[in-house]
Structures are given as C-alpha cells and as structure tokens.
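Participant: Model the structure of this input:
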Amino acid sequence: MPDIFCAQEINEDDLKEYWRPELTKLGYETHFTLRTGKKMDGCSISWKRDRFVNSLFLLPSDRQSISTISRITSSK
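Facilitator: Sure thing, here's the model as predicted:
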C-alpha cells in the first residue's frame, strides 16, 4: 500500500461505510471534503499515521467542485 492515497469522486456514504474503516485498519488517517452543490461525492486524502503529520486547508469553490490543499510532513 502507498504511504499517501488520494481519491476523487468518492461517494460520502461509501467512504463512511467502507473506505474509512478499511483504511483505518491499515494505519491511515483520512480527510474527506464534500463537493459543493447537490452532489454527494468529494475528494479524500489518506496518509499513514505513523509516517506523516498533516495540516489541511479547504478552498471552497462556487462551482460545484472542491479544492483541497494538504501539507504533509514527515513525523520523524
């Protein structure tokens, strides 16, 4: 498995019910940003908790889309 895992157009319910629990078991921390508008999907960024520290900043958009900037630094 990679140290950092990103997904786009991921359904919020799928993330809550499957992806986040599975990634947590594998040692990942996950941040999810829901798309604006009526869509129920968004982007997720997952990183290995034992390798990285993360600071996230959300940049909302007015166009039914999202932008997420993530600063990931080594925990060692």
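
Participant: which residue packs closest to residue 24, ignoring adjacent ones?
Facilitator: Leaving out its chain neighbours, the residue that sits closest to residue 24 by Cβ to Cβ, 6 or more residues apart in numbering is residue 30, at 7.4 Å. Every C-beta, even on glycine, is put in place using the N, C-alpha and C of the backbone.

Participant: for residue 34, same thing?
Facilitator: Residue 34 sits nearest to residue 42 (Cβ to Cβ, 6+ apart), 4.3 Å away.

Participant: All the helices of this structure, residue numbers only.
Facilitator: 12-14, 20-25 (DSSP state H).

Participant: Redo those helices as JSON lines? Include mean pLDDT, mean neighbour count and distance to residue 73.
Facilitator: Shown next, in JSON lines, are the helices of the chain (pLDDT from 0 to 100; neighbours: other Cβ atoms under 10 Å; distance: least, Cβ to Cβ, whole Å):
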{"stretch": "helix 12-14", "mean pLDDT": "94", "mean neighbour count": "13", "distance to residue 73": "28"}
{"stretch": "helix 20-25", "mean pLDDT": "96", "mean neighbour count": "13", "distance to residue 73": "20"}
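
Participant: Adding distance to residue 3, write those helices out as JSON lines.
Facilitator: JSON lines is the format used below for the helices of the chain (distance: least, Cβ to Cβ, whole Å):
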{"stretch": "helix 12-14", "distance to residue 3": "22"}
{"stretch": "helix 20-25", "distance to residue 3": "12"}
